[in-house]
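Undergrad: Any chance you could fold what I've pasted below:
(one chain, ligands or ions: 1)
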Amino acid sequence: MSLIDYFAIHVVPKMYRGKGALHPSETGRLTEAVSCVREYDVNIFFIRKGETLIAIDSGYKNHPGLLKECAKIGVDPAKVSALFLTHADPDHAGGLDIHQENHFNNAVVYLGEIEENYLNNTYHRKKIGPFGLKNSVTIQKGYRVLQDGETVTIGDIKIQALLVPGHTLGHLCYLIDDTMLFTGDSIALNKDGGWCFFDIFNYDSKLNKESLVRLRERLDLSRIRYVFTSHNGYTDDVRKAFMHIDVIPDLKQKGYVFDETAPYDCFAVKG
Ligand SMILES: [Zn+2]
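TA: Prediction:
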């Protein structure tokens, strides 16, 4: 197992138990068009419009529950025609890794142009002391890269890529049909609104805060109906989702709990 996978599966869960930092939506239908699968602490989102099915992110490598959870929401991952990665971290892109079975095998994969550097390991994911953590995900060539602001149309679904660097340098948010915003790991959400995503996971938290301010400025918030996050569920209170984006929740503070309603440990196996 690579260092970053070990970090994601064994270190993070222990560090974050009881802090309420991670509260993904349970597998199910969220809105008219959007459903999700929960894998431990993260969501894969599916957007359906007519015959067209697309996905945001692919979850973990070898997650044992993927097909069972997809079946619960009536989704066949082999029918996903386009899959949009917010970024290349193992909890988002792992499901496409070539060293495991890729259940999204008919999807055209899209990711940010800059994010490709993590797949090629021309960028380190994070420096921890003298160690540069490398990304551990390898995906099949043939994916398409998206530039900031670029729009693609799949069936009747319009997807706009918005570069929001900070968590990773090529992290994208996706605005779908001008009404649904998928923020990946840029925003952490609780009952008080949206915050800058947790510092420890970010490549550059200051940059993430600046990127979120820029994102808010370039969006027409009055047209957006829902804001989705990858680790903290979603909200229809769009203004609130941007309320605290210049503040990083301090998980190191003793006794601090970000979201009282979050599971104690998202990685615990359900009995
Ligand atoms: Zn993540």
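
Undergrad: so what's the residue of the stretch 101-250 of the chain found nearest the ion up against?
TA: The stretch 101-250 of the chain approaches the ion most closely through residue 185 (4.4 Å), counting by CB to the ion. C-beta: built from backbone N, CA, C; applies to glycine. Residue 185 makes contacts with 86-87, 89, 92, 167-168, 171, 197, 201, 229-231, as judged by CB atoms under 8 Å, 6 or more residues apart in numbering.

Undergrad: Stretch 119-127 and the ion in contact?
TA: No: judged by CB under 5 Å from the ion, stretch 119-127 makes no contact with the ion; its nearest approach is 11.6 Å.

Undergrad: Pull out the buried residues from that stretch.
TA: Neighbour counts over stretch 119-127 (16 or more other CB atoms under 10 Å) mark 119, 123, 125-126 as buried.

Undergrad: cool, stretch 84-100 as well?
TA: Buried-residue list, stretch 84-100, by 16+ other CB under 10 Å: 84-97.

Undergrad: got those residues as a markdown table, with distance to residue 6 and secondary structure columns?
TA: Formatted as a markdown table, these follow (distance: CB to CB, whole Å; DSSP: H, G, I helix; E, B strand; the rest coil):
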| residue | distance to residue 6 | secondary structure |
| --- | --- | --- |
| 84 | 27 | strand |
| 85 | 22 | coil |
| 86 | 22 | coil |
| 87 | 19 | coil |
| 88 | 17 | coil |
| 89 | 14 | coil |
| 90 | 10 | helix |
| 91 | 13 | helix |
| 92 | 17 | helix |
| 93 | 17 | helix |
| 94 | 13 | helix |
| 95 | 18 | helix |
| 96 | 20 | helix |
| 97 | 15 | strand |
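
Undergrad: re earlier: which of the contacts of residue 185 sits closest to residue 247?
TA: Minimum separation from residue 247 among those (CB to CB) is found for residue 197, which lies at 11.2 Å.

Undergrad: Tell me who's in contact with that closest one.
TA: Residues counted as contacts of residue 197 (CB under 8 Å, 6+ apart) are 166-167, 185-188, 205, 208, 248.

Undergrad: Turn the buried residues of stretch 84-100 into TSV, including distance to residue 149.
TA: Shown next, in TSV, are these (distance: CB to CB, whole Å):
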residue	distance to residue 149
84	15
85	17
86	16
87	17
88	20
89	23
90	27
91	26
92	21
93	22
94	27
95	27
96	24
97	29
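
Undergrad: In a markdown table: the contacts of residue 197, plus pLDDT and secondary structure.
TA: Output for the contacts of residue 197, formatted as a markdown table (pLDDT from 0 to 100; DSSP: H, G, I helix; E, B strand; the rest coil):
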| residue | pLDDT | secondary structure |
| --- | --- | --- |
| 166 | 98 | coil |
| 167 | 97 | coil |
| 185 | 98 | coil |
| 186 | 98 | coil |
| 187 | 98 | strand |
| 188 | 98 | strand |
| 205 | 97 | helix |
| 208 | 98 | helix |
| 248 | 96 | coil |
